[in-house]
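1. Fold the stuff below for me.
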Amino acid sequence: MFLFDVYSLYDIEPVIGRGCHVYTADGTEYLDLYGGHAVISIGHAHHMYVDAISEQVAKLGFYSNSVKNSLQQKLADKLGRMSGYNDYQLFLCNSGAEANENAMKLASFATGKSKILAFDRAFHGRTSGAVAATDNPKIQAPFNSTPNVEFAPLNDIDAVDTKLSTGEFAAVIIEGIQGVAGIRMVDDDFLRKLRALCDRHGVLLILDEIQSGYGRTGRFFAHQYAGVRPDIITCAKGIANGFPMGAVLISPAIKPVKGMLGTTFGGNHLACAAAIAVLDVMETEMMVSNAAAVGEYLIEELRNLAADHPEITDIRGRGLMIGIEIKGSAPELRKRLLFDHHIFTGGAGEHTVRLLPPLSLPRSHAQRFIEALRHLL
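-> Numbering: from 1, shown residues only. Okay, here's the model as predicted:
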């Protein structure tokens, strides 16, 4: 049997991870500034994380959601306290796409309406409903096309008002920062006005914090810079540091009905143990504040570099979610960073390099990247 060949692969195989580094079988070290698509939030193989999973799998790895699982409530309590959403309800699932699917379904249940408003160049996942709300025809099959999803230009509040005034929409879904689109920023003032518009038109606001959440931007959630409270928040990526997991945080105003949502694997014992360990490490090692400080340093250094190198056309981001736009080929620059300097980075289209490192990234590693980029430029 052959693997279905849908991924463009580098000819490198990491077999060990430690902190912000990964290693191949021959011991070659690589600095990881991409964290496996923003998944590795607390660093590779953190001892608290390894211990928590090991201890849990030795006791009970899985049982279904037909019985009590006190780890789920422990996770909900800690997540509520650390995120500032103590009064919200938590639904656990397996991925970001699944979290967004459930969020949009829940909004439709709650409002009795069928339409969702998303934004140009949005990315919300690859399953049926999530990909329908994703503005990328390359990954949207004819089967996924639906009149129930419409799009508006990002940061254009008048366009949103025109759409919502029809009274057809259950929810607006928006990313805290558009990651796959190239670290496109949502204006804080736009987000505040969007919240007000949703209230005026009786529309629920869904914040997709799958990539921009969990401390990545220097706040627990990116939308907290704007001081708004969404009706629904979706999480995944860094929530369990590599263990498959997603979550939906739900306003207390939305009332559950038995059976309206469900999942086989969501919130299983191992996933909860992993997610609790992630929050423990984030809190103990003050990783959110580290992301803010090191991210600020990185962005400042990159802007200084751009002043001397016109090949860099823009620096965007907050905390450790950073986009570097260049005139030339971003894929080629990423290859040179990887093979010449042993640094993993991410991409977003032809001209943007994306940085999504572990939240534990020290300033010395950030400086190493700046020097490597300076050398290549």
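2. C-terminal to the longest helix seen in the chain, what's the next element?
-> Using DSSP state H to define each element, the chain has its longest helix at helix 287-308. Counting by DSSP states H and E, the next helix or strand C-terminal to helix 287-308 is strand 312-318.
3. Show me where the stretch 51-200 of the chain has its helices.
-> 70-83, 96-111, 128-132, 157-164, 188-201 (DSSP state H, counting those that start in this stretch).
4. hang on, the earlier thing: what is the longest helix of the chain packed up against?
-> Here helix 287-308 touches strand 312-318, strand 321-326, helix 363-376, going by 3 or more Cβ pairs under 8 Å, 6 or more residues apart in numbering; DSSP states H and E. (C-beta placed from N, C-alpha, C; glycine too.)
5. what sits against the most centrally placed residue in the chain?
-> For the chain, residue 211 is the residue whose C-alpha lies nearest the centre (Cα atoms, centre = their mean; 1.1 Å). By Cβ atoms under 8 Å, 6 or more residues apart in numbering, residue 211 lies in contact with 37, 38, 96, 175, 176, 177, 179, 180, 237, 321, 356.
6. okay, these in a markdown table with distance to residue 31 next?
-> Shown next, in a markdown table, are the contacts of residue 211 (distance: Cβ to Cβ, whole Å):
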| residue | distance to residue 31 |
| --- | --- |
| 37 | 16 |
| 38 | 16 |
| 96 | 25 |
| 175 | 27 |
| 176 | 26 |
| 177 | 23 |
| 179 | 20 |
| 180 | 23 |
| 237 | 20 |
| 321 | 17 |
| 356 | 13 |
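7. Sitting in strands, which of those do you find?
-> Mapping the contacts of residue 211 onto strands (DSSP state E) picks out 175, 177, 321.
8. Next up, the contacts around the second one.
-> When contacts are counted by Cβ under 8 Å, 6+ apart, residue 177 touches 183, 184, 185, 186, 211, 212, 217, 222, 317, 318, 321.
9. Select from those residues every entry located in strands.
-> Within these, residues falling in strands by DSSP E are 184, 185, 317, 318, 321.
10. Tell me which two in those residues are the farthest apart.
-> Spatially, the most separated pair among these is 184 and 318, at 12.1 Å (Cβ to Cβ).
11. quick revisit: top of the ones in strands among the contacts of residue 177 by neighbour count?
-> residue 321 (26 neighbours; other Cβ atoms under 10 Å).
12. Low-confidence ranges, the stretch 101-250 of the chain, go.
-> Within the stretch 101-250 of the chain, not a single segment meets pLDDT under 70.
13. Show me which of the contacts of residue 211 is closest to residue 228.
-> residue 176 (10.5 Å).
14. That closest one contacts residue 184, doesn't it?
-> No: with contacts counted by Cβ atoms under 8 Å, residue 176 stays clear of residue 184, the gap being 11.0 Å.
15. Would you mind putting the helices and strands packed on helix 287-308 into TSV with distance to residue 101 and mean pLDDT alongside?
-> As requested, the helices and strands packed on helix 287-308 are arranged in TSV below (distance: least, Cβ to Cβ, whole Å; pLDDT from 0 to 100):
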stretch	distance to residue 101	mean pLDDT
strand 312-318	27	98
strand 321-326	23	98
helix 363-376	36	97
